[in-house]
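In: Pasted the sequence and its predicted model underneath.
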Amino acid sequence: MRNASLSVGRFAAFAALLLIASACTSNGTSSELGSDAAQIAAERGLSDADIAAALKTYTPSGVIDEYIMFSSGGHGGQVFVFGIPSMRMLKSIAVFTPEPWQGWGYGDEHHKELFAAGAVDGEVLTWGDTHHPALSETNGDYDGEFLFINDKANARVALIDLRDFETKQILKNPLSINDHGGTFVTPDTEWVIEGGQYASPLAWDYAPLDNYSTQYRGMITFWKFDRAAGRIDPEASFGMELPPYWQDVCDSGKAVSKGWIFCNSFNVEMSTGLNPDDLENSEYFESGASAGENDYLHIIDLDAAVAVAAAGETVEVNGFPLITIDTAIANDLLYFTPEPKSPHGVDIAPRGDYIVVSGKLDPHVTIYSFAKIQEAIAAGSFDTDKYGIPLLDFDDVVEAQVEVGLGPLHTQFDDQGYAYTSLFLDSDVARWSLGSPYREDGWKLEGTVDIHYNVGHVVTAEGDTVSPDGKYLVSLNKWSLDRFFHPGPLYPQNFQLVDISKPGPDMQLLYDMPVANGEPHYAQIIKADKLQPMTVYPEVGWDPGSMAPKPGAPKIGSEGVTRNGNQVTIDMTLMRSHFTPERVTVTQGDHVTWNLTNVETSEDATHGFAIPGYNINLSLEPGETATIEFEAKNDGVFTYYCTEFCSALHLEMAGYFLVEPN
Ligand code: K7E
Ligand code: CUA
């Protein structure tokens, strides 16, 4: 336990901090504020560092954060939105998993279409495992327009429109059943990258594990983004076949390396796991897939691959164009180079000149030079891997290695020429300096900061763009152990905010934020003023699916119930504090089409619409229209009501849905 009283020295430092703080405020005198605050600090046993951390993160009511962080939600299947530095959670954007507050996936026809597009052989999936969010970029910088996210479990990609923070598209990868190296975007978001993970037969097919080397494959998919349409265009997209090496994280080249894609891999051994019929000659993946000293960094010439795909030099797999390994070799699209033991992260430095790779079982980060890679390719004459893919010599392409600590995973950058690498085993974040042209005294460890515990990704402000801000780092920790009250045996994850503004070895841990609804992997932090979300939809009768007014959407005066045989159509409006109509009568077995418009134009005037017993639940934001369709299977009296406490007479915002027995 901490000492509950401040020492004299601490008190002096603390008083100085308060003077600084009070100089910035017009309320009260510094001595009044100082003595009150000093007493609080003493009573709570706060150290100088605690007080400094509090002053750096405290965000008064009504003050908006400087940065917004988009974090994956792991197997919660969503994307989380936080303010930085307050670490306040602002939203969990529903993506792959139904979410009742946003009325996501509880009857809305548009949501049914989205989920259907993400189905596997007709099986509609209701969860995902989101790993890597990617903000859209212009010239290598975040532009605040769109966000992409992958689903590792089922190899899907989703697109979120940042005008309303809603998911607009879900795509199932036609090649692979699972993915990991996605989503990453090219510097102008022409392409959204989705790399594979666990090799499997392409097209979600069957093949026995005995045929692993011939029938199991890795892949990378290049999804074409049509910014004007606000959608990925699957018709203009293509994939590339890769050996079954378990491709891992990818990153897109930028600046000098624009047009190139880098992915690592971690099962070049082609282990197929412990075989129950042959325990003697097989082993667990954990040893089998890490038996060798090296895996392969994949280096892909995307611009050349686009030309090859455009020329039709592809085969069709599950109706999707695929560049085969042989075509990739013949057209110089794909190269490998060794990377040390069980690599995980690959991250491109801000100028696009260096590629940073971390090996989980190697205490170094390995820095490859893009210029040296280009020289090695130009020089020709390569060894090849088992599949005939050119293998660049490690010594020809490596610029430096920096020993950072145990279990290095992922790296981000700042505006001072530093890089930050997560150390999973050491439970540290390492700061190290990049070499020329970033810093003259580069390629050395500067310092570490303890985190709690077992960090996966780290993220710095705009830290994977061509112009990182630095300033803040968030450590996305897997274990929280003793940090919080533990709500039963399933512990929250722990996000820790770190101040990285001061050069040199010191970084200050500022704040712990439990994450209680998923296990985030990667995150990105964007300046808040780059985002321009809507406050209300621009017109009453707005369809968030098409982001346009919907012709025929219910309006005031057009409400009613119409019947055509057993087809019943209800046109309903919502405003404070009633539905129109308030009574709807159908007959058991009728097919019901229910159109609803929230006709409000005031900020935050959201209404909900819930029908008990039918699993129907919508959230209608101001101006929004939606349609639900269902069979009135069960007779009874179903009391629909508004789920958002919208006014003093919100409880009266209700109606009767009467289903007469057939
Ligand atoms: Cu968890 Cu980027 Cu999927 Cu590492 S990944 S932690
Ligand atoms: Cu509308 Cu409560």
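Out: Now that the structure is in, tell me what you want to look at. Ligands and ions are numbered 1, 2, ... in the order given.
In: Let me know the secondary structure of E43.
Out: Under DSSP: H, G, I helix; E, B strand; the rest coil, the three-state class of E43 is helix.
In: And E286, by the same measure?
Out: helix.
In: Distance check, it against ligand 1.
Out: 16 Å (Cβ to the nearest ligand atom, to the nearest Å). Yep, even glycine has a C-beta here, placed from its N, CA and C like the rest.
In: who are the neighbours in contact with that residue?
Out: By Cβ atoms under 8 Å, 6 or more residues apart in numbering, the contact set of E286 is empty.
In: one more time with 10 Å
Out: S271, G273, L274, S342 (Cβ atoms under 10 Å, 6 or more residues apart in numbering).
In: ok, now V256?
Out: Residues in contact with V256, defined by Cβ under 10 Å, 6+ apart, are I348, R351, G352, D353, Y354, F370, A371, Q374.
In: Could you tell me whether the third one really is in a helix?
Out: No: when three-state DSSP is applied, G352 is found to be coil, with no helix at that position.
In: What does the pLDDT read for it?
Out: Per-residue confidence (pLDDT) for G352: 98.
In: what about it, distance to ligand 1?
Out: G352 is 20 Å from ligand 1, by Cβ to the nearest ligand atom.
In: How about the backbone phi and psi for that residue?
Out: Backbone geometry at G352, expressed as degrees, to the nearest 10, gives phi 80, psi 10.
In: What sits closest to it if chain neighbours are left out?
Out: A255 (3.5 Å; Cβ to Cβ, 6 or more residues apart in numbering).
In: Just the pLDDT at that neighbour, thanks.
Out: So A255 comes in at 98 (pLDDT).
In: Put the alpha carbons of the strand or helix carrying H298 into PDB.
Out: Element membership for H298 (DSSP states H and E) is strand 294-301. Written as PDB, here are the backbone C-alpha positions of strand 294-301 (Å, rounded to 0.1, in the frame of the first residue of the first chain):
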ATOM      1  CA  ASN A 294      14.000 -17.800 -39.500                       C
ATOM      2  CA  ASP A 295      10.700 -17.100 -41.200                       C
ATOM      3  CA  TYR A 296      10.200 -15.000 -44.300                       C
ATOM      4  CA  LEU A 297       9.300 -11.400 -44.700                       C
ATOM      5  CA  HIS A 298       7.100 -11.200 -47.800                       C
ATOM      6  CA  ILE A 299       7.900  -8.300 -50.100                       C
ATOM      7  CA  ILE A 300       5.200  -7.600 -52.700                       C
ATOM      8  CA  ASP A 301       5.300  -5.200 -55.700                       C
END
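In: returning to what we had before: can you get me a residue count around the residue nearest to G352?
Out: A255: 16 surrounding residues under other Cβ atoms under 10 Å.
In: And the contacts of V256, which of them are buried?
Out: Neighbour-count burial (16 or more other Cβ atoms under 10 Å) applied to the contacts of V256 gives I348, R351, G352, D353, Y354, F370.
In: Just the closest of those to M87, please.
Out: Ranked by distance to M87 (Cβ to Cβ), the buried ones among the contacts of V256 are led by I348 at 27.5 Å.
In: Could you pick out the residues of this protein near ligand 2 for me?
Out: Residues of the chain lying close to ligand 2 by Cβ under 6 Å from any ligand atom are S577, H607, C642, E644, F645, C646, H650, M653.
In: Adding pLDDT, write those residues out as TSV.
Out: Converted to TSV, those look like this (pLDDT from 0 to 100):
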residue	pLDDT
S577	96
H607	98
C642	98
E644	98
F645	97
C646	97
H650	97
M653	98
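In: want to try a markdown table for those, with secondary structure, distance to ligand 1 and neighbour count as columns?
Out: A markdown table is the format used below for the residues of the chain next to ligand 2 (DSSP: H, G, I helix; E, B strand; the rest coil; distance: Cβ to the nearest ligand atom, whole Å; neighbours: other Cβ atoms under 10 Å):
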| residue | secondary structure | distance to ligand 1 | neighbour count |
| --- | --- | --- | --- |
| S577 | coil | 46 | 16 |
| H607 | strand | 38 | 27 |
| C642 | coil | 39 | 25 |
| E644 | coil | 35 | 19 |
| F645 | coil | 38 | 10 |
| C646 | coil | 39 | 20 |
| H650 | helix | 42 | 17 |
| M653 | coil | 43 | 24 |
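In: export those residues to CSV and tack on distance to L114?
Out: Compiled in CSV, the residues of the chain next to ligand 2 are given as follows (distance: Cβ to Cβ, whole Å):
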residue, distance to L114
S577, 31
H607, 22
C642, 24
E644, 23
F645, 28
C646, 27
H650, 29
M653, 28
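In: So which helix or strand of the protein has the lowest pLDDT on average?
Out: None of the helices or strands of the chain scores lower by mean pLDDT, DSSP states H and E than helix 8-23, at a mean of 45.
In: so how many other residues sit close to the residue of the stretch 551-662 of the chain found nearest ligand 1?
Out: Going by Cβ to the nearest ligand atom, ligand 1 is nearest to S619 of the stretch 551-662 of the chain, at 29.8 Å. Here the count is done by other Cβ under 10 Å, and S619 has 23 residues near it.
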